[in-house]
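Engineer: what follows is a predicted protein model with its sequence.
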Amino acid sequence: MRIASSTLATLAVLAVIGAGCEARAPAEPVVASTPDALAPDATAGVEATAENVDPQRIATPLVAIPAGTFRPLFGKEVGDVPVAAFTLERHAVTNGQFLAFVRAEPKWRRSRVKNLFADAQYLAHWTSDLDHGPDAAAQPVTRVSWFAARAYARWVGRRLPSVAEWEVAAADLDGGRDAITKLLLQWYSRPTPAVLPSVESTFATRAGVHDLHGLVWEWVDDFNSALVSGESRGDAGLERNLFCGSGSVGATDPSDYAA
């Protein structure tokens with residue numbers, strides 16, 4: 001989970017945000033946020049109690065992401081979607097940061113969260129409502145629902161990034177697409193570690209955003225924008241080419257299906 005600044009410019013968007021995919025030309029830029037003052041000093045393994053919580057001091061420093069374009073994975077009419085400049089958190093939200101959030105917002109604790117907003121796996125790896133376990137403060141928080149991710153983002157005065165924003169940030173690598181493909185293949189080929197490494201332990205983009213590839217999957221604000229139901233005959237209003245039984249046959253670029 002990662003977030004972006006919620007401050008809006010004339011054209012601009014969490015990467016708390018964390019995650020992503022879109023086009024046709026010409027299209028208006030996706031709303032994104034510009035660099036701002038929401039970049040307090042913070043440590044990856046920060047801990048806090050309900051008495052001393054200051055959301056803006058808990059939040060991760062922001063990195064400025066320049067404007068770019070994104071080509072969606074699926075879609076009948078293909079083209080590049082322009083994305084305005086925005087800011088994204090430097091690393092994924094950690095267990096320590098999320099612990100500070102649930103201390104301050106009891107309704108998001110594991111034993112209190114409503115079933116509508118989280119399933120049985122929500123924070124299941126924590127030892128209790130207010131204990132993420134030993135040596136885990138600087139690890140990325142996982143098993144967090146989309147609703148909880150959005151609530152955390154609002155708590156720190158930010159929001160989740162859009163798919164397009166996440167993709168633009170993640171593509172900012174030396175070596176371009178070939179470098180990204182290599183990183184993804186290396187990640188998929190390795191078994192999931194029993195203990196996740198701390199944030200900022202993998203590569204950084206040229207802009208200085210860490211761990212966008214090879215650490216954890218990340219929520220984006222519009223993750224459910226590509227819909228598919230079990231009854232395709234009645235889905236006349238949905239994009240019919242989003243998903244199909246042949247997998248990448250419906251993709252804009254079949255070679256990019258791993259996205």
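Structural biologist: That came through fine.

Engineer: for the rest of this, base every contact and every neighbour count on C-alpha atoms.
Structural biologist: Will do.

Engineer: and V163, how far is that from Q97?
Structural biologist: 23 Å (Cα to Cα, to the nearest Å).

Engineer: okay, these two: which has more neighbours?
Structural biologist: In this view V163 and Q97 are compared by other Cα atoms under 10 Å, and Q97 has more residues nearby, 28 against 25.

Engineer: how about that one, secondary structure?
Structural biologist: State at Q97, reduced to three classes by DSSP: H, G, I helix; E, B strand; the rest coil: helix.

Engineer: now R154
Structural biologist: Going by three-state DSSP: R154 is helix.

Engineer: that one and F101, how far apart?
Structural biologist: Look at R154 and F101: by Cα to Cα, they are 11 Å apart.

Engineer: who's more crowded, the two?
Structural biologist: Remark: of R154 and F101, F101 carries more neighbours, 26 against 16, as counted by other Cα under 10 Å.

Engineer: measure how buried the nearest residue to the more buried one once chain neighbours are set aside is and give me the count.
Structural biologist: Once flanking residues are discounted, F101 sits nearest to Y152: 6.6 Å by Cα to Cα, 6 or more residues apart in numbering. Residues near Y152, counting by other Cα under 10 Å, number 28.

Engineer: now do the phi/psi pair for E167.
Structural biologist: phi -60, psi -40 (degrees, to the nearest 10).

Engineer: within the helices and strands, which one has A64?
Structural biologist: Per DSSP states H and E, A64 falls inside strand 62-65.

Engineer: remind me what that strand packs against, helices and strands.
Structural biologist: Helices and strands touching strand 62-65, as assessed by 3 or more Cα pairs under 8 Å, 6 or more residues apart in numbering; DSSP states H and E, comprise strand 86-89.
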